[in-house]
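Colleague: need a 3D model of the sequence below.
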Amino acid sequence: MSDALLSAISARRDELIQLTRDLIAIPTLNPPGRNYRQICVYLAERLAKRDFKVELIRAEGAIADSTKYPRWNLVARRAGASPGDCVHFNSHHDIVAVGEGWTRDPFGGEVEDGRIYGRGACDMKGGLASSIIAAEAFVDTHPEFRGAVEISATADEESGGFGGVAYLAEQGYFDPARVQHVIIPEPLNKDRICLGHRGVWWAEIETKGRIAHGSMPFLGDCAVRHMGAVLEEMEATLFPLLATKLTDMPVVPEGAKQSTLNINSIHGGEPVQEEGYTGLPAACVPDRCTITIDRRFLIEEDLDEVKAEVTNLLEKIRAERPDFRYEIRDLWDVKPTMTDPDAPVVKTVQGAIAKVLNTQAEFVVSPGTYDQKHIDRIGRLKNCIAYGPGILDLAHQPDEWVGIQDMEDAAKVMALTLAELLL
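Modeller: The predicted model follows:
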């Protein structure tokens with residue numbers, strides 16, 4: 001059984017390469033959300049030829065969905081010959097901005113030395129292609145399988161997943177009565193099984209001042225200086241505190257086993273003028289300054305306590321600093337999640353990795369969140385992991401690439417997983 005299936009995937013190596021290149025060539029940039037329907041239509045036409053029942057689903061009313069940039073998703077389902085479980089492969093089709101520093105065409109899908117280059121090659125169009133090849137090889141080789149195979153290509157994972165997996169979960173697509181096993185082919189390395197992720201809390205802190213003429217700053221109140229006090233207090237007390245918080249979760253890389261905080265942005269005072277403006281700034285004391293914070297927390301931490309650490313810091317400054325006023329606004333938060341290592345999908349993928357790669361799978365947890373959060377929290381489906389080809393460190397980098405052999409091996413692991421669960 002397994003030899004024929006593995007051979008079927010090896011025979012599709014060139015097809016796997018071309019599929020990945022085709023996906024890279026569609027610039028599904030997020031923001032703002034370009035070409036989402038185009039990639040969904042491309043995949044729908046391909047999968048329909050294999051007798052998958054295809055749905056194109058727009059996340060109407062979701063965050064970022066608009067007439068100009070509609071949030072399109074694909075769900076394709078191939079039913080088997082008899083009742084059984086459903087195995088679902090979920091990949092996001094959106095990619096981040098190209099950025100600077102590329103030496104290759106970001107959408108050219110260049111093939112060199114066993115690698116395919118392009119924005120999204122690693123994160124995660126290579127994983128999407130691997131799951132499709134695995135599913136096609138399985139249904140072609142074993143048409144009498146039980147249950148169902150599903151493939152989804154979803155929007156906006158790079159910006160929270162609210163127009164993609166979150167929307168589908170709200171519509172019942174990840175109801176445990178409908179889907180029993182979910183694999184998300186994120187780039188965590190082909191010999192790793194990702195069980196979940198740390199938690200995240202984003203918030204905006206604004207310090208308030210009073211505008212005045214810049215030649216007489218004593219008549220105003222500089223909000224930027226107040227924010228300086230916030231940053232100074234973070235450096236003195238909060239960052240050292242976070243460094244002491246460690247987790248038993250197998251988070252990678254090593255530095256992410258502690259709590260972290262990133263200052264995502266800071267804005268205050270004179271706004272940046274339009275390109276081409278050649279005048280000088282106006283002489284004003286800034287009356288507001290804002291920072292956006294990105295706090296990643298551990299499964300051992302309580303979200304209310306995480307938020308209280310920042311609020312208590314701000315209250316301490318207010319008690320000590322004259323005229324200090326602030327406002328803090330929640331943006332969004334996600335609690336940590338981690339699938340039981342003994343869950344069926346974990347054990348099955350673990351066995352497939354042993355057969356294909358002749359190695360023991362490593363269990364890891366992601367430092368950042370991905371769409372498992374919505375499958376778990378909204379869909380209430382716990383039997384979910386991330387497993388896919390690619391090196392996580394390459395994601396969002398210039399000259400991003402995915403290894404062809406890694407994709408083929410991952411496809412074999414996915415196909416053997418289908419065989420174990422559905423035959």
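Colleague: from now on I want contacts and neighbour counts done on CA atoms only, so please keep to that.
Modeller: Fine.
Colleague: L219 contacts G209, doesn't it?
Modeller: No: L219 is beyond contact range of G209, at 10.9 Å (criterion: CA atoms under 8 Å).
Colleague: what about the residue lying closest to D330 once chain neighbours are set aside, which helix or strand?
Modeller: Computed as CA to CA, 6 or more residues apart in numbering, the closest residue to D330 that is not its neighbour in sequence is A203, at 4.5 Å. Assigned by DSSP states H and E, A203 belongs to strand 199-208.
Colleague: for A169, same thing?
Modeller: A169 belongs to helix 165-170 when assigned by DSSP H and E.
Colleague: name the residues of that helix that are buried.
Modeller: 165-169 (16 or more other CA atoms under 10 Å).
Colleague: what is the rounded mean pLDDT of that helix?
Modeller: For helix 165-170, mean pLDDT rounds to 98.
Colleague: which other residues reach the following helix or strand past that helix?
Modeller: Downstream of helix 165-170, the next assigned helix or strand under DSSP H and E is strand 181-184. Residues outside strand 181-184 that contact it (CA atoms under 8 Å, 6 or more residues apart in numbering): 85-91, 344-345, 372, 383-388.
Colleague: may I have strand 181-184 as CSV, with CA atoms only?
Modeller: C-alpha atoms of strand 181-184 as CSV (Å, rounded to 0.1, in the frame of the first residue of the first chain):
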residue,chain,number,x,y,z
HIS,A,181,-8.2,15.9,11.7
VAL,A,182,-6.5,19.1,10.6
ILE,A,183,-3.0,19.6,9.3
ILE,A,184,-1.7,23.1,8.5
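Colleague: extract the CA atoms of the following helix or strand past that strand and return them as PDB.
Modeller: Downstream of strand 181-184, the first helix or strand assigned by DSSP H and E is strand 192-197. Taking C-alpha atoms only, strand 192-197 is exported to PDB below (Å, rounded to 0.1, in the frame of the first residue of the first chain):
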ATOM      1  CA  ARG A 192       8.900  18.500  13.100                       C
ATOM      2  CA  ILE A 193       5.300  18.500  14.300                       C
ATOM      3  CA  CYS A 194       4.100  21.800  15.600                       C
ATOM      4  CA  LEU A 195       1.600  21.300  18.400                       C
ATOM      5  CA  GLY A 196       0.500  25.000  18.900                       C
ATOM      6  CA  HIS A 197       1.700  28.500  19.600                       C
END
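Colleague: what helices and strands are in contact with strand 192-197?
Modeller: The contact analysis (3 or more CA pairs under 8 Å, 6 or more residues apart in numbering; DSSP states H and E) places strand 192-197 against strand 337-338, helix 344-357, strand 362-366, strand 384-386.
Colleague: just the helices in this protein please.
Modeller: All helices of the chain, identified by DSSP state H, fall at 2-10, 13-24, 36-48, 126-141, 165-170, 223-233, 239-243, 303-320, 344-357, 372-377, 404-422.
Colleague: ok, back up a step: what number of residues lie near the residue nearest to D330?
Modeller: For A203, the neighbour count with other CA atoms under 10 Å is 19.
Colleague: now do the one 3 residues further on
Modeller: E206 is flanked by 23 other residues according to other CA under 10 Å.
Colleague: same thing with N262?
Modeller: N262 has 12 neighbours, counted by other CA under 10 Å.
Colleague: just G388 next, same as before
Modeller: 34.
Colleague: tell me the contacts of it?
Modeller: Taking CA under 8 Å, 6+ apart, we find G388 in contact with 127, 184-190, 407, 410.
Colleague: also R377?
Modeller: No contacts exist for R377 under CA under 8 Å, 6+ apart.
Colleague: quick revisit: ok, of the contacts of strand 181-184, which one's closest to F324?
Modeller: For the contacts of strand 181-184, the closest approach to F324 (CA to CA) belongs to Q372, at 40.3 Å.
Colleague: next, the contact list for that closest one, please.
Modeller: For Q372, the contact set (CA under 8 Å, 6+ apart) comprises 184, 196, 384-386.
Colleague: for G120, same thing?
Modeller: Residues in contact with G120 (CA under 8 Å, 6+ apart) are 24, 94-96, 126, 395-396, 400.
Colleague: got CSV for these, with distance to L43, pLDDT and neighbour count too?
Modeller: Below are these laid out as CSV (distance: CA to CA, whole Å; pLDDT from 0 to 100; neighbours: other CA atoms under 10 Å):
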residue, distance to L43, pLDDT, neighbour count
I24, 13, 98, 28
D94, 14, 98, 31
I95, 16, 98, 27
V96, 20, 96, 22
G126, 14, 98, 34
A395, 23, 92, 22
H396, 23, 94, 18
E400, 22, 98, 24
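Colleague: name the nearest residue to R34, ignoring sequence neighbours.
Modeller: In space, and not counting its chain neighbours, R34 is closest to T28: 5.0 Å by CA to CA, 6+ apart.
Colleague: low-confidence ranges in the stretch 201-350 of the chain?
Modeller: Within the stretch 201-350 of the chain, no stretch falls below the threshold (pLDDT under 70).
Colleague: quick one, phi/psi of the residue positioned nearest the centre of the chain?
Modeller: Among the residues of the chain, Y370 comes closest to the average C-alpha position under CA atoms, centre = their mean, at 3.5 Å. Dihedral pair for Y370: phi -140, psi -170, per degrees, to the nearest 10.
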